[in-house]
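*Asks:* would you be able to build a 3D model of this:
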Amino acid sequence: MLSKLEIIQKKIYQIDELSRLVNQWQMLSKKVVFTNGCFDIMHRGHNTYLLQAAELGNRLIVGLNSDSSVRNLKGNKRPVVDQYSRALNLAMHTYIDGVILFDEETPLHLIETLKPDVLVKGGDYSLDTIVGAQTVLDYGGQVEIIPFLPGYSTSAIIEKLIG
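*Replies:* Modelled structure (predicted):
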C-alpha cells in the first residue's frame with residue numbers, strides 16, 4: 001500500500017506519462033484545464049486562482065517553471081523554494097490532478113503536446129499575451145483569464161521579509 005506521500009508524489013509527471021493520461025481523460029469526456037507559473041511562495045492569491053482554474057473543468061494540470069526557468073525569468077535570487085518542494089506543495093492540493101516541471105521560459109511545448117481543453121492565466125495577462133492561447137483556440141479549446149485577488153503576491157511577501 002502506498003503512503004500518502006507516495007500518492008502525492010505520483011501526481012508529479014513526466015511529459016510522456018502525462019500526455020497519455022490527458023488523452024485518457026479526454027476520451028472519458030473529462031475537461032482538462034492547464035495553467036502554469038512559478039508558484040514560488042504559495043499564498044492565498046495562488047490558492048484562490050488555482051481553485052478557480054480547477055472549477056473550469058474536471059482535471060487540473062499545473063505546469064511549473066523549473067528552478068533554472070524561474071532564475072531566467074525572475075533573477076538569481078529566485079526561486080526561494082526549490083522546484084521539487086514547489087511541485088510537492090502543488091501536488092498536495094486535492095483539486096490539482098497533475099504537476100509537470102518545464103525548463104523553458106514558456107510552457108508552449110507542454111500546451112502543444114498536452115492539448116488541454118482550457119488554458120488559464122491570471123489577470124495580469126490579456127488574450128494576446130498568453131503563450132499558447134492561439135494554439136488552444138485553433139484546435140477548439142478555450143482560454144480563460146482569472147482576476148487576481150488584490151493584495152497577494154510572492155514579490156510583496158519577499159519584500160516584506162527583507163524590508
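*Asks:* only C-alpha atoms for contact and neighbour calcs from this point on.
*Replies:* OK.
*Asks:* how about the helices in the protein?
*Replies:* Secondary structure of the chain by DSSP state H: the helices cover 4-9, 15-27, 44-54, 67-74, 83-91, 108-114, 133-138, 154-162.
*Asks:* out of the ones you listed, which is closest to residue 146?
*Replies:* With C-alpha to C-alpha, the closest approach to residue 146 among the helices of the chain belongs to helix 44-54: 6.8 Å.
*Asks:* quick one on the thing from earlier: rank the helices of the chain by pLDDT, which is bottom?
*Replies:* Mean pLDDT is lowest for helix 154-162 among the helices of the chain, at a mean of 75.
*Asks:* in that helix, what's buried?
*Replies:* residue 154 (16 or more other C-alpha atoms under 10 Å).
*Asks:* with stretch 24-42 instead?
*Replies:* If you call a residue buried by 16+ other C-alpha under 10 Å, then stretch 24-42 has these buried ones: 26, 31-42.
*Asks:* just name the most buried of the helices of the chain.
*Replies:* helix 83-91 (a mean of 20; mean count of other C-alpha atoms under 10 Å).
*Asks:* quick one: list the elements packing against that helix.
*Replies:* For helix 83-91, the elements it packs on are helix 4-9, strand 12-13, strand 59-65, strand 98-102, judged by 3 or more C-alpha pairs under 8 Å, 6 or more residues apart in numbering; DSSP states H and E.
*Asks:* gap between it and the chain center?
*Replies:* The chain centre lies 11 Å from the centre of helix 83-91; the measure is C-alpha atoms, centre = their mean, to the nearest Å.
*Asks:* contacts only, for the residue nearest to residue 137 when sequence neighbours are not counted.
*Replies:* Leaving aside its sequence neighbours, residue 137 sits nearest to residue 143 (C-alpha to C-alpha, 6 or more residues apart in numbering; 7.2 Å). Residues near residue 143 by C-alpha atoms under 8 Å, 6 or more residues apart in numbering: 118, 119, 120, 127, 133, 136, 137.
*Asks:* any idea what the residue lying closest to residue 125 once chain neighbours are set aside is bridged to?
*Replies:* Nearest non-adjacent residue to residue 125, counting by C-alpha to C-alpha, 6+ apart: residue 145, 7.2 Å away. Note on residue 145: beta-bridge partners residue 121, judged by DSSP bridges.
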